[in-house]
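Visitor: sequence and computational prediction follow.
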Amino acid sequence: MARHLCIHGHFYQPPREDPWQGDVLPEGSAAPAHDWNERIHRESYAPLAWARRLDANGRIADIMNCYEWMSFNVGPTLLRWMDRHAPDTLRRMVEGDRQSLARWGHGNALAQVYHHIIMPLATVRDREMEVAWAVDDFMHRFGRKPEGMWLAESAADLPSLETLADAGIAFTILAPRQARAVAMLDGRPADDAAWMPVDEHSLDIREPYLVELPSGRSMAVFFYDGALSRAVAFERLLQDGEGFWRRLVGAAGPGLLSVCTDGETYGHHFTFGEMALAHVLGQGYSGRDDLRLTNYAAQLERTPPRRRVLLHEPSSWSCAHGVERWRSDCGCTDGGHPGWNQRWRKPLREGLDAMKREIDAHFSRRGASLFYDPWAALRGYGKVLATQSTAAATPSAGSAQPAAPGTALPDALEDARSTFAAKHLRPDLAPSDIDAAWRLLAMQEAALAAFASCAWFFDEISRIEPVNAMTYALRASDLAAATGTGDIHRHLLEHLQRAVSNKPEEGTGADIFTHHALPRRETVPGLVLQALCLLEAADALPAAGDTATWTWPGAQVAVRLESAPGDVPLQGMAEVRLALEPGGETVHFAWTPPHATGATGSLVRVVRADGTQEAMRLMDLARNRREALLAALTTGATRRADELLGPVARTMLPLVSPWEEAQRDMVRSEAWAPLLPTLGLATITGCGASPETLRLVEDYLRANLGAGDRRRLARLAEGMFTELLDAPEPDWDKIERRIVRTRALLPDMDWWSVQNRIWQWGLAGEGPRRCAVQLGFRV
């Protein structure tokens, strides 16, 4: 039997989006990145899409798309974020799957249960929704049905595998310690089979096994190499790509050697780990040492199961006690506080379970008059969720953007909703009932998001992950209340009172809910206030009588001014809509902007259609929303400064004369300080200045650019190179000159994205080759 290798990466981030705005708000612990998704993307997901392979002299010999050669799954909540903020990386993932499908007859990508919930702890219906929505999301993004599916934390039992089989899934991947016994597939009933007990050390992981299910169906299971996978994740095996390869060759035998870790191991957990992986993948696709790459589905076709397996039930890859890590103080934790306890896990689980039971009962009761079949409608809602994610994508890096006046919801989302409504909504519903139907669906999605596994994974209930779970539960409760039931998050609070934090100052889970989750609750005045502040920061406030719209992925606010932008208070009308709820609300507002009174005095007052009034102060917004506004203000100010100072710098540069004898500084040098980054960009472009002037200014900038100035100049330079390299016919001579000048000014600049673009042009032409040499390529 031939020797094959499959390296699998499980890529996942929990649902971090604000459940009202639909996008991730700033997370200070990830700074200087905007949030953890952005940071980990730059450290892991993107480097794997453009992984460097170096020659013996440290020059770039190749840039590899690792997704073309490794098995991988990506959580739908992460794919949703990538769709909006990292579309280039997502395209590389999809292209990698397509290339592997063409090569091996089966794609590298696997699906993953939608919200990364622990399936053995979920109800039958919740398991069905998680799998059905995951399949819809996968088909929408990869254009094919998934053959395999990753179970969150590889948590498995027979009911969970039945759910996969019911959805047409052929295989999954488990840890070797989850196997209890094996027997030959010899036609004998399971009760008469010659079962042989196994453990992680005795199980032969080089072939797939069959789990026979009570329904008469079956599920193929691959078991990864536990020792090797731990070495990759925790034992610094990635510090040397050749050492990694030799370790794999030594462990391989006839059949499949499977290595499985969190995908974030490559780059985020271990810096430059993607380069070690790229080295290994390169050896594997060349067939070195008679060890060749494959993926699980191709191997399953090549070597169908010969043996059946019994599992420890329930079991997982990250808890030695089955699935207790997600419901009890079992001792499994990660957080660096060995003296803490996790007794809070049980009441958090019980509280969310109690709340979900109330939500399900309300959904059945209220949905019966709105849907032909409420639960069939909920299963079909996955197609709307998948389309909403793509439809809300924005080309910019920010979390929200101004939209054209009168912008409606994207056509793709409207089409998906229309198709869904025609199939699932009862005819002749009143508009208020249609609104209620969509709110019920959004209620269920938010409730399921609260069960993402990481809420229990770590060691403290006041961490961001449990607080996010409480926030999604709050959103679900609000939607339940809006569709005719009581304030059902009280069921959660009753249990959270028994969840005691390890931090005395945090109190109980109920205190944490009150102090950390409840302030995140979004309101119409809050959305109007944020939209007005963001429009002003973007210089996009409309003139009197005109309309401007601020759009988040999950919400939009259309503002029509009745007074001039300089008036205080600024008055007008605002229409607020949430993407997954068709009904909107129009209110009159009076806004006192921050520039008029300072941030502490800024507020908005709104009057609803029924005459009720509400007010929201800027300083009363939740912390992460204030941080989002702060980021928008600083970004807007920097952009305006660049637009203002760029032409000034380009005009100034040719006017600089050689210094006089004994001159050591620019005349009135303090006035030059704000200009340094834009002056640096002008120096890179030349602007008609003499070589002597350019040398003088380069020396001056090298001596005076501070750390912040260098970061800002690097951003400006990267934007310039992006524009030049995106041209239909790049001017390679100009690009080469500017690379040389940029390297002189910024010897430590990160050329990663520029290198990627030059690589994509190919290195056959003389111009690209010259530029590539300047950027460290071997040509």
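Guide: Everything's here; your move. Numbering: from 1, shown residues only.

Visitor: and the nearest residue to residue 589 once chain neighbours are set aside, how far from residue 583?
Guide: Nearest non-adjacent residue to residue 589, counting by CB to CB, 6 or more residues apart in numbering: residue 606, 4.9 Å away. (Glycine included, C-beta is placed from N, CA and C.) In this view, residue 606 and residue 583 are 17 Å apart by CB to CB, to the nearest Å.

Visitor: who has more neighbours, those two?
Guide: A count of neighbours by other CB atoms under 10 Å puts residue 606 above the other of residue 606 and residue 583, at 25 against 13.

Visitor: which helix or which strand is home to that one?
Guide: strand 603-607 (DSSP states H and E).

Visitor: doesn't residue 497 make contact with residue 350?
Guide: No: using CB atoms under 8 Å, residue 350 is not in contact with residue 497; the gap is 11.6 Å.

Visitor: looking at the two, which one has more neighbours?
Guide: When residue 350 and residue 497 are compared for neighbours, residue 350 comes out ahead with 18 against 15, by other CB under 10 Å.

Visitor: helix/strand/coil for the more buried one?
Guide: Under DSSP: H, G, I helix; E, B strand; the rest coil, residue 350 falls in the helix class.

Visitor: residue 575 reaches residue 585, doesn't it?
Guide: Yes: counting by CB under 8 Å, residue 575 does reach residue 585; the two are 7.3 Å apart.

Visitor: the two: which has the busier surroundings?
Guide: In this view residue 575 and residue 585 are compared by other CB under 10 Å, and residue 575 has more residues nearby, 17 against 14.

Visitor: so which elements touch the helix or strand the more buried one falls within?
Guide: Element membership for residue 575 (DSSP H and E) is strand 570-578. For strand 570-578, the elements it packs on are helix 524-537, strand 555-561, strand 581-592, judged by 3 or more CB pairs under 8 Å, 6 or more residues apart in numbering; DSSP states H and E.

Visitor: turn these into TSV, columns for mean pLDDT and distance to residue 326.
Guide: Shown next, in TSV, are these (pLDDT from 0 to 100; distance: least, CB to CB, whole Å):
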stretch	mean pLDDT	distance to residue 326
helix 524-537	96	33
strand 555-561	95	31
strand 581-592	90	31
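
Visitor: tell me which of these lies nearest to residue 304.
Guide: Among the helices and strands packed on strand 570-578, the nearest to residue 304 by CB to CB is strand 581-592 (47.5 Å).

Visitor: so what's the residue lying closest to residue 762 once chain neighbours are set aside up against?
Guide: With CB to CB, 6+ apart as the criterion, residue 762 has its nearest non-adjacent residue at 6.5 Å, and that residue is residue 768. By CB atoms under 8 Å, 6 or more residues apart in numbering, residue 768 lies in contact with 732, 758, 761, 762.

Visitor: can I see the domain layout of this structure?
Guide: 3-318, 345-520, 524-627, 638-774 (automatic domain parsing).

Visitor: rank these by pLDDT, which is bottom?
Guide: Sorting the domains of the chain by mean pLDDT places domain 345-520 lowest, at a mean of 89.

Visitor: how distant is that domain from the center of its chain?
Guide: 18 Å (CA atoms, centre = their mean, to the nearest Å).

Visitor: just the endpoints, please. Distance across that domain?
Guide: Domain 345-520 has its terminal residues 22 Å apart, counting by CA to CA, to the nearest Å.

Visitor: same check, this time on stretch 537-552
Guide: Start-to-end span of stretch 537-552 (CA to CA) is 15 Å.

Visitor: on that earlier part again, list buried residues within the contacts of residue 768.
Guide: 732, 758 (16 or more other CB atoms under 10 Å).

Visitor: residue furthest from the geometric center of the chain?
Guide: Distance from the centre of the chain peaks at residue 661, with 57.3 Å (CA atoms, centre = their mean).

Visitor: show me which helix runs longest in the protein.
Guide: helix 623-652 (DSSP state H).

Visitor: and the angle from that one to helix 524-537?
Guide: 10 degrees (axes from the mean of the first three to the mean of the last three CA atoms, to 10 degrees).

Visitor: residue 207 contacts residue 258, correct?
Guide: No: here residue 207 does not reach residue 258: they are 10.3 Å apart, not a contact under CB under 8 Å.

Visitor: quick one: which of those two has more around it?
Guide: Taking neighbours as other CB under 10 Å, residue 207 and residue 258 compare with residue 258 leading, 25 against 18.

Visitor: look up which helix or strand that one falls in, please.
Guide: In this structure, residue 258 sits in strand 255-262 according to DSSP H and E.

Visitor: for the stretch 301-450 of the chain, just list every one of the helices.
Guide: For the stretch 301-450 of the chain, the helices defined by DSSP state H, counting those that start in this stretch occupy 345-367, 374-391, 411-424, 431-449.

Visitor: quick one: these as a markdown table, columns for distance to residue 46 too.
Guide: A markdown table is the format used below for the helices of the stretch 301-450 of the chain (distance: least, CB to CB, whole Å):
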| stretch | distance to residue 46 |
| --- | --- |
| helix 345-367 | 34 |
| helix 374-391 | 19 |
| helix 411-424 | 25 |
| helix 431-449 | 25 |
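
Visitor: which of those sits closest to residue 295?
Guide: helix 374-391 (23.4 Å).

Visitor: quick one: that closest one to helix 431-449, angle?
Guide: Using the same axes, to 10 degrees: helix 374-391 against helix 431-449 is 80 degrees.

Visitor: quick check on residue 610: phi, psi?
Guide: Dihedral angles of residue 610 (phi, psi; degrees, to the nearest 10) stand at phi -90, psi 10.

Visitor: against residue 557, how distant is it?
Guide: Look at residue 610 and residue 557: by CB to CB, they are 20 Å apart.

Visitor: more neighbours, those two?
Guide: residue 557 (26 against 5).

Visitor: run through the residues that contact the more buried one.
Guide: Taking CB under 8 Å, 6+ apart, one finds 527, 528, 530, 531, 549, 550, 574, 575, 576, 577 in contact with residue 557.

Visitor: pretty sure the third one contacts residue 627?
Guide: No: contact between residue 530 and residue 627 fails when scored by CB under 8 Å: they sit 11.7 Å apart.

Visitor: neighbour-wise, which of those two wins?
Guide: Between residue 530 and residue 627, counting by other CB under 10 Å, residue 530 is the more crowded of the two (26 against 17).

Visitor: what is the end-to-end distance of stretch 65-73?
Guide: 15 Å.

Visitor: quick one on the thing from earlier: partner strands of the strand holding residue 606 and their direction?
Guide: strand 581-592 (antiparallel), strand 613-617 (antiparallel) (DSSP bridges).

Visitor: export those as CSV, with columns for distance to residue 240.
Guide: Formatted as CSV, the strands paired with strand 603-607 follow (distance: least, CB to CB, whole Å):
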stretch, distance to residue 240
strand 581-592, 53
strand 613-617, 56
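
Visitor: which one of the ones you listed lies closest to residue 47?
Guide: Short answer: strand 581-592, nearest of the strands paired with strand 603-607 by CB to CB, at 38.2 Å.

Visitor: list the residues that contact residue 43.
Guide: Counting by CB under 8 Å, 6+ apart, residue 43 has contacts 264, 267, 268, 271.

Visitor: next one: phi and psi at the closest residue in space to residue 195 that isn't next to it in sequence?
Guide: Computed as CB to CB, 6+ apart, the closest residue to residue 195 that is not its neighbour in sequence is residue 181, at 4.2 Å. Reported as degrees, to the nearest 10, the phi and psi values for residue 181 are phi -160, psi 150.

Visitor: tell me who's in contact with residue 57.
Guide: residue 778.

Visitor: quick one: residue 203 from residue 631, how far?
Guide: Applying CB to CB to residue 203 and residue 631 gives a distance of 50 Å.

Visitor: between those two, which one's more packed in?
Guide: Using other CB under 10 Å, the more surrounded residue of residue 203 and residue 631 is residue 203, with 20 against 16.
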